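*Asks:* next comes the sequence, and after it the predicted model I'd like to discuss.
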Amino acid sequence: MTGTVIPRRRLMAQGVGLAVGTALAGSTAATLLAPPARATTAVPKSTGPQPDAAMRSLHARRRRVLTGRPSANGWEMHKAIDTGMSLATCPVPGTGLYVAVRTGAPEAVLVHVIRRFHYDIDALGRPGEPDPVRGWTSPSDVRDSRLPESNQASGTAVAIRPGSYPPSVREGFTPGQLLIIRDILADTEGTVRWGGDDRRPYEALFYLHVRPGDPRLMRVAEKIRAWNETPGVGAGVLADMSQTARRRAARYRWLHAAG
């Protein structure tokens, strides 16, 4: 039998084609069986301060501002105000004045005291008046943190006309003015004390008489804020001192302070 002779070159070409086809088939199958590739989304880099850096900045600011020492009423004294922390320069509505105090409930109560003094005892901030009201003072000016005036360094006290009513001097107010002061203190329900009732008097001084966290302060502050939103009540409204309830409350606060 005579066989058909296949040229060697043709045989080699057929082998190469078979190998290529097999490789392509395998590649296609692998592609079909492989799971689809997930699209990757680039996460943008944060341009703001990193958490660690923000915490370091906060701690540094606290070291610059806080003293770690309380004033006489237990609130921490601050080295500076208007730093974005607890003490700030606040307006006293209706007077054109500003006072540096602790914001929040202390501000609400102390500003109420200033406003009532302004409306009911004597107008503050007259032309040429040098120092009608003084709030925060630097801890470096506090000679004894046990004295009530140290509370100014913690933003929890105000001195109204400190030049007119200096420390250790009594009888700066008339009997009628004293009656109004008692009524103002009755508004605060014992959360504010008048320096004129202290053994060493300072009649310009009004300061918080509660510790931090005392719920009475928040309750009184909320009451005063409600007054401020209600026509006919609160500071700026002439108080009828002949009302039995007001006189009783004022007398109770005076007896409590004297005791």
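*Replies:* In hand now; what should we look at?

*Asks:* which ones are touching R219?
*Replies:* By C-beta atoms under 8 Å, 6 or more residues apart in numbering, the contact list for R219 reads E189. Using the backbone N, CA and C atoms, a C-beta is placed for each residue, glycine as well.

*Asks:* so for the helix or strand encompassing it, mean pLDDT?
*Replies:* R219 belongs to helix 215-228 when assigned by DSSP states H and E. On average, the pLDDT along helix 215-228 is 97.

*Asks:* in it, which residues are buried?
*Replies:* 217-218, 220-221, 223-224, 227-228 (16 or more other C-beta atoms under 10 Å).

*Asks:* next one: stretch 101-118
*Replies:* Those would be 101-102, 105-118, for stretch 101-118 by 16+ other C-beta under 10 Å.

*Asks:* same check, this time on stretch 88-97
*Replies:* Neighbour-count burial for stretch 88-97 [16+ other C-beta under 10 Å]: 88, 90, 92, 95, 97.

*Asks:* likewise stretch 147-166?
*Replies:* Per 16+ other C-beta under 10 Å, stretch 147-166 contains these buried residues: 147-162, 165.

*Asks:* residue boundaries of the strands in the stretch 101-250 of the chain?
*Replies:* Assigned by DSSP state E, counting those that start in this stretch, the stretch 101-250 of the chain shows strands spanning 133-134, 157-160, 192-194, 205-208.

*Asks:* model confidence over the first one, on average?
*Replies:* The average pLDDT within strand 133-134 is 98.

*Asks:* ranges for the helices of the stretch 51-200 of the chain?
*Replies:* Using DSSP state H, counting those that start in this stretch, the helices of the stretch 51-200 of the chain run over 51-65, 105-116, 175-187.

*Asks:* then the shortest one to PDB, C-alphas only?
*Replies:* What that stands for is helix 105-116. Written as PDB, here are the backbone C-alpha positions of helix 105-116 (Å, rounded to 0.1, in the frame of the first residue of the first chain):
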ATOM      1  CA  ALA A 105     -26.700  78.400  83.600                       C
ATOM      2  CA  PRO A 106     -24.200  80.700  85.400                       C
ATOM      3  CA  GLU A 107     -24.500  83.300  82.700                       C
ATOM      4  CA  ALA A 108     -28.300  83.200  82.800                       C
ATOM      5  CA  VAL A 109     -28.500  83.800  86.500                       C
ATOM      6  CA  LEU A 110     -25.700  86.300  86.900                       C
ATOM      7  CA  VAL A 111     -26.900  88.400  83.900                       C
ATOM      8  CA  HIS A 112     -30.300  88.500  85.500                       C
ATOM      9  CA  VAL A 113     -28.900  89.900  88.600                       C
ATOM     10  CA  ILE A 114     -27.100  92.700  86.700                       C
ATOM     11  CA  ARG A 115     -30.200  93.500  84.700                       C
ATOM     12  CA  ARG A 116     -32.400  93.800  87.700                       C
END
